[in-house]
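**Student:** okay, structure incoming, though there's no sequence with it:
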């Protein structure tokens, strides 16, 4: 059985770990996460391991499952990345 991730659990992660975790929850693979966040694949793998340890998960697939459930529960608007800034328009 996969445990339910609470918002408090999620907030224990660092900001970068939260970005990686949300991308995992959206079904992204390590290489794609690395490209999106401009990181090496090794760095993403390290973040995955740290996230698993912080959340007490012992199976790599459990992380994907728990994050997919978290993303589903948070709704379709949860995004791992901040929204793009609007361009300055002259007044």
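**Tutor:** Right, received. Where do you want to start? Everything numeric in this text was worked out from a predicted model, so none of it was measured.
**Student:** for this structure, give me the ranges with low pLDDT.
**Tutor:** 1-3, 76-91 (pLDDT under 70).
**Student:** which residue ranges of it form helices?
**Tutor:** For the chain, the helices defined by DSSP state H occupy 7-11, 15-25, 30-37, 41-55, 60-74.
**Student:** pick the most deeply packed of the ones you listed.
**Tutor:** Stretch with highest mean neighbour count among the helices of the chain: helix 15-25 (a mean of 20; mean count of other Cβ atoms under 10 Å). Heads up, the C-betas are built off the backbone N, CA and C, glycines and all.
**Student:** ok now it, how far from the chain's centre?
**Tutor:** Averaged C-alpha coordinates place helix 15-25 at 2 Å from its chain's average position (Cα atoms, centre = their mean, to the nearest Å).
**Student:** what helices or strands is that helix leaning on?
**Tutor:** In terms of contacts (3 or more Cβ pairs under 8 Å, 6 or more residues apart in numbering; DSSP states H and E), helix 15-25 is packed against helix 30-37, helix 41-55, helix 60-74.
**Student:** next, the angle from it to helix 41-55.
**Tutor:** 90 degrees (axes from the mean of the first three to the mean of the last three Cα atoms, to 10 degrees).
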